[in-house]
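**Student:** Below is the sequence, then the predicted model.
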Amino acid sequence: MPWRARRAASEHDFEDPGSPVTLWRPLRSTIFFCLGGNPHKDKARLVRRGIDRPISWPLTSDARFAKEEPPVVDLDVVVVGAGFSGIYAVHAFRSAGLSVKAFEAGDGIGGTWFWNSYPGARCDVESKDYSYSFSPELEQEWSWSERYPAQPEILRYLNHVADRFGLRPYIQLNTRVTGASWDAGSASWTVTTSDGGSVTARYFVSAAGCLSEFQVPDLPGLAEFDGPWYHTSRWPKDGVDFTGKRVGLVGTGSTGIQVAPEIAAVAEHLYVFQRTANFAVPNRNRPWAEAEERAFKSRYREYRAEARQSFLGVPITGTGRPVLAEPAQDVQRLFAERWRAGGGMPFLGAYTDLLVSQQANDVVAEFMRDRIRETVADPDVAELLCPRGYPVGAKRLCQSDDYYAMFNRPNVSLVDIRSAPIESVYPGGVKTTADAYDLDALVFATGFDALTGALFAMDIRGAGGVPLRSAWASGASAYLGVAAAGFPNMFLITGPGSPAVFSNVVLSIEQHVEWVRDCIAWLRAHGHTTIEPAADAQSAWMSHVSEVANATLFPRADSWYVGANIPGKPRVFTSYVGGCGPYRAKCDEVAKAGYAGFALGGS
Ligand code: NA7
């Protein structure tokens, strides 16, 4: 988006009382509190300082290098990962005239969608939203076949994007980044890779993903299990045939709920080991009809503009009213409508208080529990499937058209490992404190060391050789979720402190990548060779992140959002839940103010 238009969009977000962030309006007043951000006053001040002028973009190579020392590094940018983030980062940086190379551990591109190829893998954001918006041509050319895209189709899409924009030469597959260390003398990063190589770059950009480092529970005896076992995130590319097998599934989050019905359809018996019951709304997945697609595509640009300013990166129409002030029959009618229509975001966006008031949340929770009771024939199984003890939405709201009904099949058993935990694995199966289950195969859908796992898997060392792992020992901390104090010239795409996992992540990725691209251009145009968040700006931002989160119900569940699924991980809620539109405006405001809150070096 041109700079002027971007500014206009952010001003619109500050001022428009009718913007689609109704659900979050109570929080909006706090959003610009940190850093004393009054956008109108700030703008006046900037104009006086002469900063309020457009940056010409894209810069030509000559203009970019005019103010620079001769390059002493191999590359302008090294990117880690070639999923949605890495692919777009390569394209955006290349298009801006930067030299760039991405390293990808997999033997194909696609990131999350490369690795998570288990049966039933499907995105819970609609395909029209869960796709790049940077190219109107791409938007028009590509046709999604279904309302919610399945993993193979998303992977095809990402491969198409890589080919269409000629990105493959800049992506090195089968290569894991093992470490990255900052050298203050040359103002560059040395990046080491699993093939024994190393490369230097002015900027180090992690696009390693929020959900990349999978975790398998440390169960005694697992190594002695006779049958095969799998984690859903490392599914064999040739698939697995469970026909006639007794299969144990551990994990009932978004992934477990997707894979279970697929296994149940062929297995002799499926045992679902459930530690925590989860809320799931229907998808109502269906083919995307050609006429519907045509009509939608005729207004794609307007839709995307609205999405960028929306709360979740997807425009949702809510009532704009609190559920507690509504007549009960109206509430039930609206929930029933949204249940019939399918999708999690419209459900939780129906009323303004569902995610900020426990009492309001109880209303929607009970509605959902009633749907489970109505679907599952055995009342004891239904009761066990009814989630309790945490608010709806505080764990990722799952989506499935067939999970609950699957428990009506005679070949599916629900095993409660909350009251009788798994004790061990024996060669022939799994033993809980109450019983033993003979199994031929085991499937772990046990999630990820989210948000920080992929970063910590690399030995990242910033100024003074300080490891990122030490700097973040008591919890991740990043200014705007995009850069970390002590780690100059390192950028994080959808890092901790950003709305990434609470949004349509593809739009969040685009916003981050474009912000970083523009930042690098600005640094070059102004003769700066280094940029790093000031510690006080970073801690003010993270305080703001937690202030906003604590005004909601999100931190109130034991989930990967707070790191509760990883033994020993500090319990910190690091996602920004103040909304994508306001967050984008904040990022733009920081940029416009000459990267306020960052220390700049080299001029
Ligand atoms: P999640 O949402 O982290 O779910 C993991 C599941 O595995 C969840 O039911 C956990 O139970 C269960 N789990 C984890 N460790 C254990 C052990 N040790 N024993 C028994 N059960 C265990 O991961 P997903 O892959 O489903 O989804 C991740 C995200 O991907 C999702 O939010 C979407 O954004 C896409 P718990 O709830 O911890 O009791």
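**Tutor:** Thanks, I have the structure now.
**Student:** Point out the residues in the stretch 201-350 of the chain that sit beside the ligand.
**Tutor:** Leu211, Pro217, Val250, Gly251, Thr252, Gly253, Ser254, Thr255, Gly256, Arg275, Thr276 (C-beta under 6 Å from any ligand atom). C-betas here are computed from N, CA, C, even on glycine.
**Student:** so Val364 makes contact with Gly349?
**Tutor:** No: between Val364 and Gly349 there is no contact under C-beta atoms under 8 Å: 11.1 Å.
**Student:** What's the local residue count around Leu348?
**Tutor:** Using other C-beta atoms under 10 Å, Leu348 has 22 other residues around it.
**Student:** which residues does it contact?
**Tutor:** Contact partners of Leu348, counting by C-beta atoms under 8 Å, 6 or more residues apart in numbering, are Leu23, Leu354, Leu355, Val364, Val392, Gly393, Leu397.
**Student:** re the thing from before, are any of the residues of the stretch 201-350 of the chain next to the ligand buried, and if so which?
**Tutor:** Burial by neighbour count, 16 or more other C-beta atoms under 10 Å: within these this picks out Leu211, Val250, Gly251, Thr252, Gly253, Ser254, Thr255, Gly256, Arg275, Thr276.
**Student:** For the residues you listed, work out which two are farthest apart.
**Tutor:** For those, with distances taken as C-beta to C-beta, the pair at the greatest spread is Leu211 and Arg275 (18.8 Å).
**Student:** The ligand: which of the contacts of Leu348 is nearest?
**Tutor:** Leu397 (8.9 Å; C-beta to the nearest ligand atom).
**Student:** Need the nearest residue in space to that closest one, chain neighbours excluded.
**Tutor:** Gly344 (4.1 Å; C-beta to C-beta, 6 or more residues apart in numbering).
**Student:** what about the top helix by length along the chain and the ligand, touching?
**Tutor:** Determined from DSSP state H, the single longest helix within the chain is helix 505-525. No: judged by C-beta under 6 Å from any ligand atom, helix 505-525 stays clear of the ligand, getting no closer than 8.6 Å.
**Student:** OK, contacts around the closest residue to the ligand within the stretch 401-550 of the chain?
**Tutor:** Per C-beta to the nearest ligand atom, Gly447 is where the stretch 401-550 of the chain lies closest to the ligand, at 2.7 Å. By C-beta under 8 Å, 6+ apart, the contact list for Gly447 reads Leu211, Phe214, Gln215, Gly251, Gly253, Thr255, Trp560, Asn565.
**Student:** Let's see that with 7 Å instead.
**Tutor:** Gln215, Gly251, Gly253, Trp560, Asn565 (C-beta atoms under 7 Å, 6 or more residues apart in numbering).
**Student:** Same check on Glu292?
**Tutor:** By C-beta under 7 Å, 6+ apart, Glu292 has no neighbours at all.
**Student:** That one belongs to a strand?
**Tutor:** No: assessed with DSSP: H, G, I helix; E, B strand; the rest coil, Glu292 is helix; it does not lie in a strand.
**Student:** So for the chain, the centremost residue is which one?
**Tutor:** Val501 (3.2 Å; C-alpha atoms, centre = their mean).
**Student:** in a helix, that's where that one is, yeah?
**Tutor:** Yes: Val501 forms part of a helix when assessed by three-state DSSP.
**Student:** Quick check, it in contact with Cys210.
**Tutor:** Yes: assessed by C-beta atoms under 7 Å, Val501 is found in contact with Cys210 at 5.3 Å.
**Student:** Can you pull up the residues of the stretch 501-603 of the chain that come close to the ligand?
**Tutor:** Trp560, Asn565.
**Student:** Any idea what Leu270 is bridged to?
**Tutor:** Val247, Val412 (DSSP bridges).
**Student:** Tell me how far it lies from the ligand.
**Tutor:** Note on Leu270: its distance to the ligand, by C-beta to the nearest ligand atom, to the nearest Å, is 15 Å.
**Student:** ok now do the residue of the stretch 1-150 of the chain found nearest the ligand, which residues does it touch?
**Tutor:** Closest contact between the stretch 1-150 of the chain and the ligand, by C-beta to the nearest ligand atom, is at Asp124 (6.8 Å). Asp124 makes contact with Tyr148, Ser254, Gly344, Gln399, according to C-beta under 7 Å, 6+ apart.
**Student:** Contacts only, for the second one.
**Tutor:** Okay, so that is Ser254. Ser254 touches Asp124, Arg396, Cys398, counting by C-beta under 7 Å, 6+ apart.
**Student:** With the third one instead?
**Tutor:** With contacts defined as C-beta under 7 Å, 6+ apart, the neighbours of Gly344 are Asp124, Val281, Leu397, Gln399.
**Student:** Out of those residues, which two are the most distant from each other?
**Tutor:** Between any two of the contacts of Gly344 (C-beta to C-beta), the greatest distance is 9.3 Å, for Asp124 and Val281.
**Student:** anything in contact with each of the two?
**Tutor:** Contacts common to Asp124 and Val281, judged by C-beta under 7 Å, 6+ apart, are Gly344, Gln399.
**Student:** The contacts of Ser254 in strands, which ones?
**Tutor:** Cys398 (DSSP state E).
**Student:** Out of the contacts of Ser254, flag the one nearest to Leu492.
**Tutor:** Arg396 (20.9 Å).
**Student:** ok, back up a step: want to try TSV for the contacts of Gly344, with pLDDT as columns?
**Tutor:** Formatted as TSV, the contacts of Gly344 follow (pLDDT from 0 to 100):
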residue	pLDDT
Asp124	96
Val281	97
Leu397	96
Gln399	97
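**Student:** Nearest to Gly313, out of the residues you listed: which one, please.
**Tutor:** Using C-beta to C-beta, those come closest to Gly313 at Asp124, 13.1 Å.
**Student:** Might you report the residue contacts of whatever residue of the stretch 201-350 of the chain ends up closest to the ligand?
**Tutor:** Residue of the stretch 201-350 of the chain nearest the ligand, by C-beta to the nearest ligand atom: Gly253 (2.3 Å). For Gly253, the contacting residues are Asn278, Arg396, Cys398, Ala445, Gly447, by C-beta under 7 Å, 6+ apart.
**Student:** Helices - which of the residues you listed land there?
**Tutor:** Using DSSP H, none of the contacts of Gly253 sit in helices.
**Student:** Need the buried ones from these selected in PyMOL.
**Tutor:** Under the burial definition 16+ other C-beta under 10 Å, those of the contacts of Gly253 that qualify are selected in PyMOL by:
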select buried, resi 278+396+398+445+447
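**Student:** Run a quick neighbour tally on Phe279.
**Tutor:** The burial count for Phe279: 27, using other C-beta under 10 Å.
**Student:** Hmm, Arg388 and it touching each other?
**Tutor:** No: checked against C-beta under 7 Å, the pair Phe279 and Arg388 is beyond contact range at 10.3 Å.
**Student:** Poorly predicted segments of the protein, please.
**Tutor:** By pLDDT under 70, the low-scoring segments of the chain are 1-71, 603.
**Student:** how about 80 then?
**Tutor:** 1-72, 603 (pLDDT under 80).
**Student:** Could you pick out the longest strand of it?
**Tutor:** Max-length strand for the chain by DSSP E is strand 198-206.
**Student:** Who does that strand pair with, and is each partner parallel or antiparallel?
**Tutor:** According to DSSP bridges, strand 198-206 has these partners: strand 75-80 (parallel), strand 188-193 (antiparallel), strand 490-492 (parallel).
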